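Peer 1: Could you look at this predicted model? Sequence included:
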Amino acid sequence: MPYSALEPEKIKSTAHELALRVAERFPNNGIAQVSRALADLSEKHTDYAAKAASRNWPMQIVSVLIVLAGLATAGWGVWQVLQLFGMDAREIGSVQGLDSVLNIMIVTGAAIWFVLNLETRQRQARVLARLHELRALAHVIDMHQLRKDPTTYYREPTAHSPNRDLSESNLMAYLDYCAEMLAIIGKLAALYMQKMSDAVVIDAANDIEALAGGFSQKIWLKINVLQPLADAERRADSARPTPLS
């Protein structure tokens, strides 16, 4: 059914188009490099997410063989205990014999559980490492917008105030690009939730979406502060007489 799931190709194309837009407006700014890095990560993570839920069949086969070997060993151990119990019931009481059988079964069950969950834990570790890349990039984007403070346009700068190197309209575009990049990071994280039902992965992806959403809220507060200045700048530009050719 269309529009019922995220489309990785659409996310990739959106990230690449955003990188082009940022490079056109801010070719010599660090944000252009960040947007390029996000576009490259979108290529990697859409591919990663598509393979996230795939089974590691060699490991699955090895796990099955280990489980069968464990069951055979446990069966042999139980048989040995029963044989010993049957041969000399006066020296080995029924409680002691039963205790030995239960110990073998418990140890075998724990070993089987560990082996069967080994691939799941390895897959979790791989996906969490990839999600950490997205979390780190979200923090990088937040650092880029951190010093873009629109309130500096309302007050006299001090010696250590951030540089007003952008016009009001360009600063709005800068902040808007940061918000778009954070939204793309959230969607890349959501791709892993779409492919996997693992609770650990879902929690980690939700945390990244919440982190990106929190950073975006800070950005939109700045845009709301900046909006009146940008409107005044546009009105002033439109009021200027057109030079004669």
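Peer 2: The structure has been received and is ready for your questions.
Peer 1: ok, Ala190 to Arg135 distance?
Peer 2: Distance, Ala190 to Arg135, by Cβ to Cβ, to the nearest Å: 14 Å. The C-beta positions use only the backbone N, C-alpha and C, and glycine is treated the same way.
Peer 1: quick one, which of these two is more surrounded?
Peer 2: Neighbours around Ala190 and Arg135, counted as other Cβ atoms under 10 Å, are more numerous at Ala190. The numbers are 19 against 16.
Peer 1: List the contacts of the more buried one.
Peer 2: Contacts for Ala190 (Cβ atoms under 8 Å, 6 or more residues apart in numbering) come out as Leu6, Ala205, Glu209.
Peer 1: now those residues as JSON lines including distance to Gln227, secondary structure and pLDDT?
Peer 2: Output for these, formatted as JSON lines (distance: Cβ to Cβ, whole Å; DSSP: H, G, I helix; E, B strand; the rest coil; pLDDT from 0 to 100):
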{"residue": "Leu6", "distance to Gln227": "31", "secondary structure": "coil", "pLDDT": "85"}
{"residue": "Ala205", "distance to Gln227": "32", "secondary structure": "helix", "pLDDT": "91"}
{"residue": "Glu209", "distance to Gln227": "26", "secondary structure": "helix", "pLDDT": "93"}
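Peer 1: quick one: which of those residues has the most company?
Peer 2: Neighbour max across the contacts of Ala190 (other Cβ under 10 Å) = Ala205, 25 neighbours.
Peer 1: I figured that one hits Arg130, correct?
Peer 2: No - applying Cβ atoms under 8 Å as the test, Ala205 and Arg130 come out as separate, 10.3 Å apart.
Peer 1: what is in contact with the two at once?
Peer 2: Contacts common to Ala205 and Arg130, judged by Cβ under 8 Å, 6+ apart, are Tyr192.
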